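Chemist: just need the structure, nothing else, for what follows:
(one chain, ligands or ions: 1)
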Amino acid sequence: IGFAVALVVGYLIGSVPFGLILTRAAGLGDIRAIGSGNIGATNVLRTGNKGIAAATLLLDGAKGAVAVLLLRWLAPDQDLASGTAAVLGHLFPVWLGFRGGKGVATALGVYLAAMWMVGVACCAIWLVVAKVAKRSSAASLTACAAAPVLALLLYGAEYGLLALLVGALVFWKHEGNIRRLLAGTEPRIGEK
Ligand code: NKO
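Modeler: Numbering: from 1, shown residues only. All right, here's what the predicted structure looks like:
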């Protein structure tokens, strides 16, 4: 029963599309018609509004952390289910016809709450790659690929599996970005 509670509650928390809600509330139009069409912080930054982009990153991250921490209390020992479900909710929100975001900020929130050393390491990797490659997607994918190894070594098999499942979902959602990165057409951070 704890497993089912973690899946359902984790999914519902993860499915709140903050990028869409905030850009709409700020009168910036439909974020899905701008840039990459994604509802994440990177694409919100393409509207030129840094504050709303930062708020999107913070809230999309917070929902991942809240899902893990709330469920540790509601349904103990379910980090694998609650973390994966929160990312699934962000990726496939029922409210948006199952077309959601790419899961980077929400995965980060899950990692910071469930295995903080991995979360902090992912932030450092993201910042270094972003500085060098100037592409958000390249930084996200590198951090995301490193996470399962770090999780396995620092927190054990269950957490390694959590990062592997989440990482596979994030990579899958970045299919278009990977194609653009390989073709050299991926826009720089902040560029339309
Ligand atoms: O619009 O397709 P796009 O170019 O926007 O977006 C690609 C991007 C989508 O993800 C986001 C989320 C915001 C990313 C900024 C995060 C900065 C802080 C450090 C993050 C650490 C990453 C952890 C990865 C765990 C999977 O990729």
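Chemist: burial of the nearest residue to residue 159 once chain neighbours are set aside, as a residue count?
Modeler: Spatial nearest neighbour of residue 159, excluding adjacent residues (C-beta to C-beta, 6 or more residues apart in numbering): residue 151 at 4.2 Å. Heads up, the C-betas are built off the backbone N, CA and C, glycines and all. Per other C-beta atoms under 10 Å, the neighbour tally for residue 151 reads 28.
Chemist: right, and the helix or strand after the host helix or strand of residue 151?
Modeler: Using DSSP states H and E, residue 151 maps to helix 136-155. Sequence order places helix 157-173 as the next helix or strand after helix 136-155, per DSSP H and E.
Chemist: quick check: angle from that next one to helix 136-155?
Modeler: Computed by axes from the mean of the first three to the mean of the last three C-alpha atoms, to 10 degrees, the angle separating helix 157-173 from helix 136-155 equals 170 degrees.
Chemist: which stretches of this protein form strands?
Modeler: Counting by DSSP state E, one finds no strands in the chain.
Chemist: quick one: contacts of stretch 23-31?
Modeler: Stretch 23-31 has contacts (C-beta atoms under 8 Å, 6 or more residues apart in numbering) with 19-20, 37-39, 43-44, 47, 49, 52, 56.
Chemist: thought the residue nearest to residue 159 was touching residue 157?
Modeler: No: in terms of C-beta atoms under 8 Å, residue 151 does not count as a neighbour of residue 157; the distance is 9.2 Å.
Chemist: which residues touch the residue lying closest to residue 146 once chain neighbours are set aside?
Modeler: Distances taken as C-beta to C-beta, 6+ apart put residue 125 closest to residue 146, at 5.6 Å, once the chain neighbours are dropped. For residue 125, the contacting residues are 139, 142-143, 146, by C-beta under 8 Å, 6+ apart.
Chemist: which pair in those residues spans the largest distance?
Modeler: 139 and 146 (11.1 Å; C-beta to C-beta).
Chemist: how close does the residue nearest to residue 146 sit to residue 5?
Modeler: For residue 125, the distance to residue 5 equals 33 Å [C-beta to C-beta, to the nearest Å].
Chemist: next: residue 128.
Modeler: Distance from residue 128 to residue 5, by C-beta to C-beta: 38 Å.
Chemist: more neighbours: which of these two?
Modeler: Legend: neighbour count by other C-beta under 10 Å for residue 128 and residue 5, higher for residue 5 (16 against 13).
Chemist: longest helix of the protein, counting residues only.
Modeler: helix 50-74 (DSSP state H).
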